[in-house]
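Enquirer: sequence-free structure coming up:
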């Protein structure tokens with residue numbers, strides 16, 4: 001056989017062998033089929049939604065909702081009704097002008113928590129009121145899986161969950177397939193680096209569905225391939241260059257708007273900041289996931305940008321940043337004349353005006369100021385799993401559903417005012433003191449004294465199992481609305497000319513009263529110092545796990561807010577350590593008169 005012909009046959013055979021090998025690798029049952037971006041989303045209700053109609057017939061009231069007619073209980077001027085089968089319940093009371101204002105309390109969300117949202121029923125006629133229940137978007141639970149083939153033929157994978165960041169908590173790093181069976185594998189962080197199975201499922205090649213069971217989060221999720229425009233990326237996989245679009249949309253929410261140039265902020269520098277967020281690689285569950293950034297200066301909102309599918313009309317988790325909103329509520333009630341002061345003894349007011357005869361002397365000395373400054377002395381350090389009052393233990397225990405009472409029963413670890421220890425039960429109990437002082441459900445107080453004057457119309461405030469508003473964190477607010485409390489504090493307690501807080505309360509809340517970790521702490525506001533143009537400027541900040549950061553910088557007449565969703569790791573510290581001081585502040589020119 002001629003050498004040339006033999007060589008051609010060998011080349012053809014080699015090509016056929018390579019083709020066969022590639023086909024074997026890509027045949028049904030191979031792991032290659034799972035490479036790429038996958039998305040699964042489940043809706044957990046509540047099913048109950050739509051109109052609420054309350055009717056009065058004689059002295060009796062009934063409610064119509066989701067096709068049911070239900071009796072309304074009237075107790076001390078409040079209306080209560082509940083749908084059967086734990087579909088939700090309502091509480092409300094008449095307002096000046098004839099409306100009924102109240103709160104819809106849905107059943108537990110996928111997080112196992114309840115966040116009541118405000119509902120107003122308008123009077124159609126003297127005996128008929130109609131309102132609308134709109135379920136919060138938090139009841140959607142989303143998972144992404146990004147699977148990538150490795151040189152050794154294995155499939156690396158990581159899991160991202162924007163609502164709770166379960167991917168960072170579960171540490172998924174590998175996807176394994178055996179026929180139609182699939183497994184998500186995590187490696188422990190210990191020295192042994194042992195692997196563990198996080199979840200199991202199946203893959204159907206016929207319809208390209210990856211079904212995985214997460215029993216911790218409601219059961220089975222069906223994953224399908226996601227596109228390059230996925231919200232997994234800040235603004236798609238191949239984003240266009242960012243160009244500042246001018247003043248944010250003017251709305252009837254109390255925010256004056258303007259441009260960066262009008263308030264002395266360099267547009268090109270801010271464009272680079274936003275472009276950096278847009279270009280953030282999503283290669284790991286530990287990449288920073290910024291959901292929004294807003295800037296206000298000289299009282300004007302001048303930047304409003306969102307990412308990962310978030311938007312101005314979608315409430316966002318605030319985590320512990322809402323401790324600052326709880327303090328704002330307490331301060332607003334004090335200014336409005338509630339029988340409450342920072343010096344009010346906690347146990348005296350919670351006991352109806354007098355101390356219990358056998359009360360611990362340390363508890364007798366505890367005041368509202370101690371609660372808001374984290375210096376109550378309770379044995380409740382959230383970072384100490386052995387502390388009986390730590391936040392996780394409080395939520396996991398079932399013996400006392402009323403968290404205000406739970407706190408009152410805690411042992412003491414130090415004298416009130418001696419030192420500060422980060423403990424979420426402190427600001428939560430402050431809401432309990434407020435409720436006892438006013439005799440009013442705290443969310444009514446919040447809506448009347450804070451939400452209404454600040455035009456905060458949509459929110460969800462977390463409650464404990466007994467239905468009490470939780471002051472330790474977890475409330476949901478629209479980004480523009482939550483940012484208002486930063487401007488309120490910057491203004492010395494006023495919003496659009498209306499005083500909400502006293503100057504004295506603002507001054508104390510924003511002061512560095514205690515050392516807490518590596519930062520100072522006031523009344524539910526953190527103190528931070530930043531380098532700016534060869535000097536140091538002070539900021540006070542509302543901080544929440546995952547990257548909920550509201551910065552107030554009085555020296556620059558500036559408020560900055562950044563939302564993020566890195567709840568499971570510490571990457572969110574990048575916001576306070578880099579994005580704000582090193583990227584945004586250099587764009588800010590000196591305030592007038594400096």
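Expert: Everything's here; your move. Predicted model, so just to flag it, every value in this text is computed and none were measured.
Enquirer: can you give me the helices for the stretch 451-594 of the chain?
Expert: Per DSSP state H, counting those that start in this stretch, the stretch 451-594 of the chain carries helices over the ranges 479-490, 503-509, 573-574.
Enquirer: will you turn those helices into TSV that also has mean pLDDT, mean neighbour count and distance to residue 62?
Expert: All C-beta spots, glycine's among them, are computed from the backbone N, C-alpha and C. Below are the helices of the stretch 451-594 of the chain laid out as TSV (pLDDT from 0 to 100; neighbours: other C-beta atoms under 10 Å; distance: least, C-beta to C-beta, whole Å):
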stretch	mean pLDDT	mean neighbour count	distance to residue 62
helix 479-490	98	25	34
helix 503-509	98	18	44
helix 573-574	92	16	53
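Enquirer: so what's residue 290 bridging to?
Expert: residue 564 (DSSP bridges).
Enquirer: Just confirm it contacts residue 307, I think it does.
Expert: Yes: using C-beta atoms under 8 Å, residue 290 is in contact with residue 307, at 5.8 Å.
Enquirer: Counting neighbours, go ahead and name the busier of these two.
Expert: Each of residue 290 and residue 307 has its neighbours counted (other C-beta atoms under 10 Å); residue 290 has more, 27 against 23.
Enquirer: before we move on, the earlier item: as TSV, the helices of the stretch 451-594 of the chain with distance to residue 212 would be great.
Expert: Putting the helices of the stretch 451-594 of the chain into TSV (distance: least, C-beta to C-beta, whole Å) gives the following:
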stretch	distance to residue 212
helix 479-490	32
helix 503-509	46
helix 573-574	30
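Enquirer: Compare those and report which one is nearest to residue 460.
Expert: helix 479-490 (11.7 Å; C-beta to C-beta).
Enquirer: and that closest one, what other elements does it pack with?
Expert: The elements that helix 479-490 packs onto, with contact taken as 3 or more C-beta pairs under 8 Å, 6 or more residues apart in numbering; DSSP states H and E, are strand 290-297, strand 300-306, helix 322-335, strand 494-495, strand 535-544, strand 548-553, strand 558-564.
Enquirer: and with 7 Å instead?
Expert: Using 3 or more C-beta pairs under 7 Å, 6 or more residues apart in numbering; DSSP states H and E, the elements in contact with helix 479-490 are strand 290-297, helix 322-335, strand 494-495, strand 548-553, strand 558-564.
Enquirer: The spatially closest residue to residue 340 that is not a sequence neighbour is in what secondary structure piece?
Expert: Spatially, and ignoring its direct neighbours in sequence, residue 340 is nearest to residue 437 (4.3 Å; C-beta to C-beta, 6 or more residues apart in numbering). In the assignment (DSSP states H and E), residue 437 maps to helix 425-438.
Enquirer: How far off centre is that helix?
Expert: Between the centre of helix 425-438 and the centre of its host chain there is 21 Å, according to C-alpha atoms, centre = their mean, to the nearest Å.
Enquirer: before we move on, the earlier item: would you convert the helices and strands packed on helix 479-490 into CSV that also reports mean pLDDT?
Expert: Rendered in CSV, the data for the helices and strands packed on helix 479-490 read as follows (pLDDT from 0 to 100):
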stretch, mean pLDDT
strand 290-297, 98
helix 322-335, 98
strand 494-495, 98
strand 548-553, 98
strand 558-564, 98
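Enquirer: Any idea which of the helices of the stretch 451-594 of the chain gets closest to residue 49?
Expert: helix 479-490 (22.0 Å).
Enquirer: ok, and what's touching the closest one?
Expert: Outside helix 479-490, the residues within contact range by C-beta atoms under 7 Å, 6 or more residues apart in numbering are 253-255, 292, 294, 296, 299, 301, 312, 316, 318, 324-325, 328, 454, 456, 495, 500-501, 506, 510, 550, 552, 554, 559, 561, 563.
Enquirer: same deal with stretch 305-316?
Expert: Taking C-beta under 7 Å, 6+ apart as the rule, stretch 305-316 contacts 136-137, 162, 231, 234-235, 274, 277, 289-293, 304, 458-460, 476-480, 563.
Enquirer: hang on, residue 400 packs against residue 408?
Expert: No: counting by C-beta atoms under 7 Å, residue 400 does not reach residue 408; the two are 9.6 Å apart.
Enquirer: Give me the more crowded residue out of these two.
Expert: In this view residue 400 and residue 408 are compared by other C-beta under 10 Å, and residue 408 has more residues nearby, 19 against 16.
Enquirer: how many other residues sit next to the residue nearest to that one when sequence neighbours are not counted?
Expert: Counting by C-beta to C-beta, 6+ apart, residue 350 is the residue found nearest to residue 408 once chain neighbours are left out, at 6.1 Å. Using other C-beta under 10 Å, residue 350 has 21 other residues around it.
Enquirer: Likewise for the one 4 residues further on?
Expert: Residue 354: 10 surrounding residues under other C-beta under 10 Å.
Enquirer: Could you measure from it over to residue 333?
Expert: 22 Å (C-beta to C-beta, to the nearest Å).
Enquirer: Buried among the contacts of stretch 305-316? Need that as a selection in ChimeraX.
Expert: In ChimeraX, a selection of the buried entries from those looks like this (16 or more other C-beta atoms under 10 Å):
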select :136,162,231,234,235,274,277,289,290,291,292,293,304,458,459,460,476,477,478,479,480,563
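Enquirer: Low-confidence bits of this protein, can you list those?
Expert: 1-29, 46, 108-112, 135-138, 188-193, 592-594 (pLDDT under 70).
Enquirer: The same query, at a cut-off of 90, please.
Expert: 1-32, 43-49, 85-87, 106-115, 134-140, 187-195, 216-218, 569-570, 572, 591-594 (pLDDT under 90).
Enquirer: Quick check: bridge partners of the residue nearest in space to the middle of it?
Expert: The residue lying closest to the centre of the chain (C-alpha atoms, centre = their mean) is residue 317, at 1.6 Å. Residue 317 has these beta-bridge partners by DSSP bridges: residue 476.
Enquirer: Check the contact between it and residue 477; I expect there is one.
Expert: No: using C-beta under 7 Å, residue 317 is not in contact with residue 477, being 9.1 Å away.
Enquirer: Next one: residue 548 from residue 228, what distance?
Expert: In terms of C-beta to C-beta, residue 548 sits 29 Å off from residue 228.
Enquirer: Neighbour count: the two, which is higher?
Expert: residue 548 (28 against 11).
Enquirer: need the contact list for the more buried one.
Expert: 318, 319, 321, 563.
Enquirer: do residue 371 as well
Expert: Residue 371 is in contact with 346, 426, 427, 429, 430, counting by C-beta under 7 Å, 6+ apart.
Enquirer: Look up which helix or strand residue 143 falls in, please.
Expert: strand 140-149.
Enquirer: If you could redo that for residue 210, that was the one I meant.
Expert: Residue 210 belongs to strand 209-214, assigned by DSSP H and E.
Enquirer: I would like the residues contacting that strand, please.
Expert: Residues contacting strand 209-214 (C-beta under 7 Å, 6+ apart): 34, 38, 182, 184, 199-203, 219-224.
Enquirer: Inside strands: which ones of those residues?
Expert: Members of those lying in strands (criterion: DSSP state E): 38, 182, 184, 199-203, 219-224.
Enquirer: State the pair within those residues that is farthest apart.
Expert: 200 and 224 (18.5 Å).
Enquirer: Just among the contacts of strand 209-214, which is most surrounded?
Expert: residue 38 leads the contacts of strand 209-214 on contacts (other C-beta under 10 Å) with 26 neighbours.
Enquirer: beta partners for it?
Expert: Bridge pairing for residue 38 - DSSP bridges - gives residue 145, residue 225.
Enquirer: which residues does it contact?
Expert: Contacts of residue 38 (C-beta under 7 Å, 6+ apart): 144, 145, 210, 223, 224, 225, 226.
Enquirer: Show me how to select, in PyMOL, the buried members of those residues.
Expert: Of those, the buried ones can be selected in PyMOL as follows, counting by 16+ other C-beta under 10 Å:
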select buried, resi 144+145+210+223+226
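Enquirer: Can you tell me the SS state at residue 121?
Expert: Following DSSP: H, G, I helix; E, B strand; the rest coil, residue 121 is assigned to strand.
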